[in-house]
Structures are given as structure tokens and as C-alpha cells.
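Enquirer: sequence and computational prediction follow.
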Amino acid sequence: MREGGGWVTVVLTTPTLPRTMLDILSITGPIYITIIIGYVCTRLGLFGKADMRVFGKFVINLALPALLFNSLSQRPLAEILNGRYLLIYTVGSLVAGGLGLVWARLVMRQNPTASAISAMGMCSSNSGFVGYPIALLTLGPVAGVLLGLNMIVENLLVIPLMLALADRGQGAGSHWVQTLRQSLVNLVRNPMVMALVVGFVFALLQVKLPAPVVRTINLFSQASGALSLFVIGGALVGLEIKGMLSPVLHISAMKLLVHPLSVLATLLLAEAAGQLPMEPAMRAGAILLAACPMMGIYPILSHKYGQEGLSAAALLMATAASFVSISTILWLLHATPGWLG
């Protein structure tokens, strides 16, 4: 454009907000597209529900353990044993679980056992199948450390505690401690817990594996991301929400909103008191993983208590709704100075 005898260059720019949201959708989009592909392939009969269980076993027993070991063993112990993160995420999750118990009893009018199962869904994230892929795309290599730390909180504390409360609610108060102990014994046999322990030992001793072994472990760990999301999609086939809309909405909203808000409040209170400062990636990771839908085995854990139908429906709704909630949280983290922006 000509102006005053000279040329003025007019630059058309896209507003910051849409451009940022497109960046966010470029992160979350592939994750949920992969889930949809798993759903469609299973719905069309290319794979069966039984195949999803096989794929899931591969992820749980081989791919995720390899990922955990690979992420932990190659870092200094001081970097991965982040006590500040463990404390903040634990307190935030327990606060969400406590609020969930009260909400389920007073608002949803559930009995003690059902309340414990609902609360478990409100405070236990799908850190491996959903949280890790999101953290990897958003935060990079630190995602493996976040996964390992979350596995400690969820598998060694939150899940056993909620299952023990559910057993106590069934009138098994005389042996609920034994149930808690048995849950911990079963976890010791879990391949992911084994990988956590071995990974910590290798980090402590600074053991270096031969290159062929490292590459083999890498091959298995790289299979975890896409396959875990594919399994989530296939597992959603056949789940229904009919007749359970109100309690499903309660559980899903508490998981996707209250859990990350509880972790955020714990983090901000600790930092306001001048305690437990964390680097931006770990702070953002705590919020992101808390914002994930509940774990994929939630309906399986609920089966013993007759709550598998409600749990499966809540898993379906929370997984679908998390596309919007996680995308929004990612945008807020990017837009807020000191987090991801």
C-alpha cells in the first residue's frame, strides 16, 4: 500500500487465541483420533473386544513396564525421586477422593461401598494410557518421570485405600486392613511396579546397560503410546449410559474438574507458603495428569462390588468429555505466564 510517497507493508496476522487453540488441538487431536480409530476398528469387527484385552495385556505387562524402566533408569535418582511432586499430587488426589466420598454420600445418596467406588473414579487418573501420551507431546521426556511418580501414588496408595473403604462398607470392617495388605501384596507382582523398583535401583547404582539391550527396551516402550490409546477406544465399544445419566455426570465432572482443581489448589497453597516450589514442567504435568479421565481398569475393579455398569458408563463419558476439558486446560496453561507459556 502506498502512503506519503513510501510503501507501507500491511501484515495480516491471525489472532493469538485461535492460533494457540489450533496448537493445542494439534496436541490433543491425534490422541483422541487414535482412540476413535480403536473404537471404529472394534465396532466394525476388524478387532474384537477380546483382542483389546490381549493388546491391553501387552501394554500393561511389557510396553509400559519397559517405558517406566527406560524413563527412570537413565536419569539421576535425585531427578526422578521428586518428593515435592509426590507430596503435592498425593494430597491433591486424597482431597479429591475425600470430596468425592462426601459428594457421593450426601448428594448422590449412595451407600458406603458405592461411594468408595465412585470416589475412586473421581481421583484415579488414567496416567498410563492417556496421561503419558499427552504429557509426552506437551512436556517431552519428563513425561516418563511423571508417569512413574503417578504410578506410585495411584497404585500404592489411592486405589488400595478406596478398595479397602469399599470392603469396609460391605460390612467387612473386621478385615479391611487385611484387604488393604492383600492389595499391596498383589501390586508387588504387578509388572509396572516391578519396573518402577528396578528402574529406581538402576538409577541409584548408575548401572549402564549394553546398547542392544537399551534399543530392545526402547522398541517396547515406543509401542506403549499409540497402542494404549487404541485399546482405550476399543474398550469403549458396547458401553452404555442409559438410565445412569445423573450419577455418570457427577462422577465424570468430579474427575475432570475437581481432581485437577484439588491438585492445583494444593500446589498454589504450598507455593504461597514458600514451600515446595517445582519447575514449570512438573507443575504443569501434575495438573494435566490429574485432568485425565479415570483409569481403564476402573470397571474391572468395580465388578466385585456390583458397580461395573456405572463405572463403565462413567469411563465412557469422562473419556469423551476429556477432549474438551484437557484441551481447555492446556490452553490455560499456555496462556498463563510461568506454566507452559
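Expert: Cool, got the structure.

Enquirer: every contact and neighbour count from this point should use C-alpha atoms.
Expert: Fine.

Enquirer: how about low-confidence regions in the stretch 151-300 of the chain?
Expert: 169-188, 275-277 (pLDDT under 70).

Enquirer: for it, what spans make up the helices?
Expert: Along the stretch 151-300 of the chain, counting by DSSP state H, counting those that start in this stretch, helices occupy 159-169, 176-188, 191-205, 211-222, 224-235, 245-253, 259-272, 280-290, 298-302.

Enquirer: and the longest one, what other elements does it pack with?
Expert: Read it as helix 191-205. Counting contacts by 3 or more CA pairs under 8 Å, 6 or more residues apart in numbering; DSSP states H and E, helix 191-205 is packed against helix 64-73, helix 77-80, helix 142-153.

Enquirer: try 6 Å
Expert: helix 64-73 (3 or more CA pairs under 6 Å, 6 or more residues apart in numbering; DSSP states H and E).

Enquirer: buried residues in the helix it packs on, which are they?
Expert: Using 16 or more other CA atoms under 10 Å as the test for burial, helix 64-73 gives 64, 65, 66, 67, 68, 69, 70, 71, 72, 73.

Enquirer: before we move on, back to that, can I get the helices of the stretch 151-300 of the chain in TSV with distance to residue 122 and mean neighbour count?
Expert: Below are the helices of the stretch 151-300 of the chain laid out as TSV (distance: least, CA to CA, whole Å; neighbours: other CA atoms under 10 Å):
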stretch	distance to residue 122	mean neighbour count
helix 159-169	11	22
helix 176-188	20	16
helix 191-205	22	20
helix 211-222	28	14
helix 224-235	18	24
helix 245-253	6	20
helix 259-272	7	20
helix 280-290	10	23
helix 298-302	10	20
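
Enquirer: nearest to residue 25, out of those?
Expert: Residue 25 lies closest to helix 280-290 among those, at 14.8 Å (CA to CA).

Enquirer: could I get the CA-only coordinates of that closest one as CSV?
Expert: Extracted in CSV, the C-alpha atoms of helix 280-290 (Å, rounded to 0.1, in the frame of the first residue of the first chain):
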residue,chain,number,x,y,z
PRO,A,280,7.2,-25.5,35.3
ALA,A,281,7.1,-28.9,33.6
MET,A,282,6.4,-30.8,36.8
ARG,A,283,3.8,-28.2,37.9
ALA,A,284,2.0,-28.4,34.5
GLY,A,285,2.3,-32.2,34.5
ALA,A,286,0.6,-32.6,37.8
ILE,A,287,-2.4,-30.6,36.6
LEU,A,288,-2.5,-32.4,33.2
LEU,A,289,-2.4,-35.9,34.6
ALA,A,290,-5.0,-35.1,37.3
